[in-house]
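**Q** just the structure for this:
(one chain, ligands or ions: 1)
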Amino acid sequence: MTVATRYRSITDEATSVDFESAVLAGIAPDGGLFVPETLPTVSLDQLGEWRGLSYAELAIEVLSLFIDKTCVPRADLKRLIDASIAEFFSSEVILHRPLNHFPGVIVQELFHGPTLSFKDIAMGFVVNLLDYFLQRRGERRTLLVATSGDTGPAAGYAVKGKQNLDVWLFYGAGFVTDEQERQMTTLMAANVHPVRVRESENGSDDLDHLIAQLVADRPLHKKLQFSSVNSINWARVMMQTVHYFYGYLQFADRVGQPVNFAVPSGGFGNLCGGTLAREMGLPVGHFIVANNRNACLTELFERGLYRETDVVNCPSSAIDISSPNNFWRYLYFSTGCDASKIKTWRDELARCGEVQFDATTMAQYRRGFLSRSIDDRRTRETMAELYRREGYLIDPHGAVAFTALLDVQSDLATDSLSLCQATAHPSKFPRVVADALQVPILECPPAAFHASLEHAKGLCQLIYECAHKDGFASIKQTLLKFYQPRP
Ligand SMILES: Cc1ncc(COP(=O)(O)O)c(C=O)c1O
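**A** Purely as a prediction, here's the structure:
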């Protein structure tokens, strides 16, 4: 087994940093994304030995392949992982639900963390890891987080009360649900600052640009020491490889049997974790990339076109995203780890607003992928159908993945096994559930509610607000006003 020790940028071969520097910086000096110089591999024998491990035990094994023991000793790694799942609502962390009427399909429930989405799985660990490094160095960081609804709550919750971290959570007014907004605004922690950005047209994509402007302000950056826990941070993607290994080992009849994964996708961070697991040796049959009407990834996989378009509002609002940043990491590995090629394509995107990939490149990255864009009506119909036939309430993102999986069945091997990821708890989207089941909200089934969200309805909210057009100037001023040097 190889272990990754050094990290480089996907657009600059010359960068070479250790794990700690890659995680603390978030993004490489040239603006590229960090990846390991050598991707570790896992043999089928090794996979066989991992069968029967709990999620936490497996996470230690997988992460040890990416983290040098001299940087994080194994005992510390175990402590950090344990702490990051301690507040999950299920001690198993990830639950799996086989379905009666859909043989071969298992729902992989990734939403049992404290803020009820799959983001908790990696976020808790990454924040604990950052805090561990910062305490050791006696340093602080200011995290800037753009959210389409779930990253923000996960980051706020994980950062609350951490001595060496502050976090600013930016969300577009109207682009997140009331439940998601309350998760960010009721934390009442001195180091968590939620910012509602009015009049943004493209939700979290616009906010990414706002953050890029703040980070580009060198004096501000120097003073506040910005970093990121969005999935541009390598550690997020690294942690998101584990649930693919875990789901596989729970359900493959024998090690070596290919298993499919249907994944509701926006920024491609979750799926990037899956592709890395496959690259390392996990026997994946197909990945099914499931988009809502924001079909950027489907365009990429079906037509070879990378194009950032305007975002439209869908019931699965957390995947209303049109810039799949982590696709570039996957592209780097699938096309032969050529940083200069990636740089050329990214420069073209910045210059022309789109990139049309050639047939050879497209064939390379399409290997083992199927993709579908699912409209709003079918998303709701799937939610209603699953509830009617199985008594199972799935969130709109899981429903997008489930519908895509049903649509590609004829392209999958007969009798194949598929894990369909449910990435959020349905209670984060009560209006969508009510619409889908065609009942008033208060008559929705108990699974449409969660005690933590009901509790938040009675709490005070703290919200900073600005308009998107003067976002940079007004946020800069606010950041400086609230910045307090600590001893
Ligand atoms: C509930 C939910 N599902 C799916 C996604 C998509 O994940 P990714 O952006 O990693 O593709 C997100 C994140 O934005 C999410 O919050």
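**Q** which residues of this protein lie near the ligand?
**A** 117, 119, 148-150, 231, 264-271, 318-319, 397, 423-424 (C-beta under 6 Å from any ligand atom). Backbone N, C-alpha and C define where each C-beta goes, glycine included.
**Q** quick one: the strands in the stretch 301-450 of the chain?
**A** Using DSSP state E, counting those that start in this stretch, the strands of the stretch 301-450 of the chain run over 305-307, 354-356, 369-373, 417-422.
**Q** list the buried residues for the second one?
**A** Translated: strand 354-356. Buried residues in strand 354-356, counted by 16 or more other C-beta atoms under 10 Å: residue 355.
**Q** after the longest helix belonging to the chain, next one along is what?
**A** Longest helix in the chain by number of residues (criterion: DSSP state H): helix 119-137. If you walk from helix 119-137 toward the C-terminus, the next helix or strand you reach (DSSP states H and E) is strand 141-147.
**Q** just the residues contacting that next one, thanks.
**A** For strand 141-147, the surrounding residues in contact (C-beta atoms under 8 Å, 6 or more residues apart in numbering) are 24, 130, 134, 151-153, 155, 159, 164-171, 176, 184, 204, 207-208, 210-211, 214-215, 224-230, 479, 483.
**Q** filter those down to the buried ones, PyMOL style.
**A** Isolation of the buried members of these (16+ other C-beta under 10 Å) is achieved in PyMOL through the command below:
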select buried, resi 24+130+134+151+152+153+155+159+164+165+166+167+168+169+170+171+176+184+204+207+208+210+211+214+215+224+226+227+228+229+230+479
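**Q** for this structure, which spans come out with low pLDDT?
**A** For the chain, residues meeting the criterion pLDDT under 70 lie at 1, 484-487.
**Q** which residue does the stretch 51-200 of the chain have closest to the ligand?
**A** Closest to the ligand within the stretch 51-200 of the chain is residue 150: 3.2 Å, counting by C-beta to the nearest ligand atom.
**Q** what sits against the residue nearest to that residue when sequence neighbours are not counted?
**A** Closest residue to residue 150 in three dimensions, ignoring its sequence neighbours and counting by C-beta to C-beta, 6 or more residues apart in numbering: residue 117, at 3.8 Å. Under the criterion of C-beta under 8 Å, 6+ apart, the contact list for residue 117 reads 110-111, 150, 153-154, 318, 423-425, 428.
**Q** what do you get for residue 5?
**A** The neighbours of residue 5, taking C-beta under 8 Å, 6+ apart as the test, are 18-19, 37, 68.
**Q** do the same with residue 29
**A** Contacts were defined as C-beta under 8 Å, 6+ apart; by that measure residue 29 touches 9, 12, 15.
**Q** bridge partners for the second one, pull those for me.
**A** Beta bridges link residue 12 to residue 9 when assigned by DSSP bridges.
**Q** what about it, how many neighbours?
**A** If you count neighbours by other C-beta atoms under 10 Å, residue 12 ends up with 17.
**Q** residue 30 is in contact with that one, correct?
**A** Yes: counting by C-beta atoms under 8 Å, residue 12 sits close enough to residue 30 to count as a contact (4.3 Å).
**Q** in which helix or strand would I find the closest residue in space to residue 7 that isn't next to it in sequence?
**A** With C-beta to C-beta, 6+ apart as the measure, residue 22 is the residue that lies nearest to residue 7, at 3.9 Å, once sequence neighbours are left out. With secondary structure defined by DSSP H and E, residue 22 is part of helix 19-25.
**Q** roughly how far apart are residue 16 and residue 237?
**A** 19 Å (C-beta to C-beta, to the nearest Å).
**Q** okay, those two: which has more neighbours?
**A** residue 237 (28 against 12).
**Q** looks to me like the more buried one is in a helix.
**A** Yes: counting by DSSP: H, G, I helix; E, B strand; the rest coil, residue 237 is located in a helix.
**Q** how about it, what does it touch?
**A** For residue 237, the residues meeting the contact criterion (C-beta under 8 Å, 6+ apart) are 122, 231, 269, 272-273, 276, 326, 329.
**Q** can you put the residues you listed in CSV and add neighbour count?
**A** What follows is the contacts of residue 237, written out as CSV (neighbours: other C-beta atoms under 10 Å):
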residue, neighbour count
122, 29
231, 27
269, 24
272, 28
273, 27
276, 23
326, 25
329, 25
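**Q** farthest pair within those?
**A** Distance extremes for those: the farthest pair is 122 and 329 at 14.3 Å, using C-beta to C-beta.
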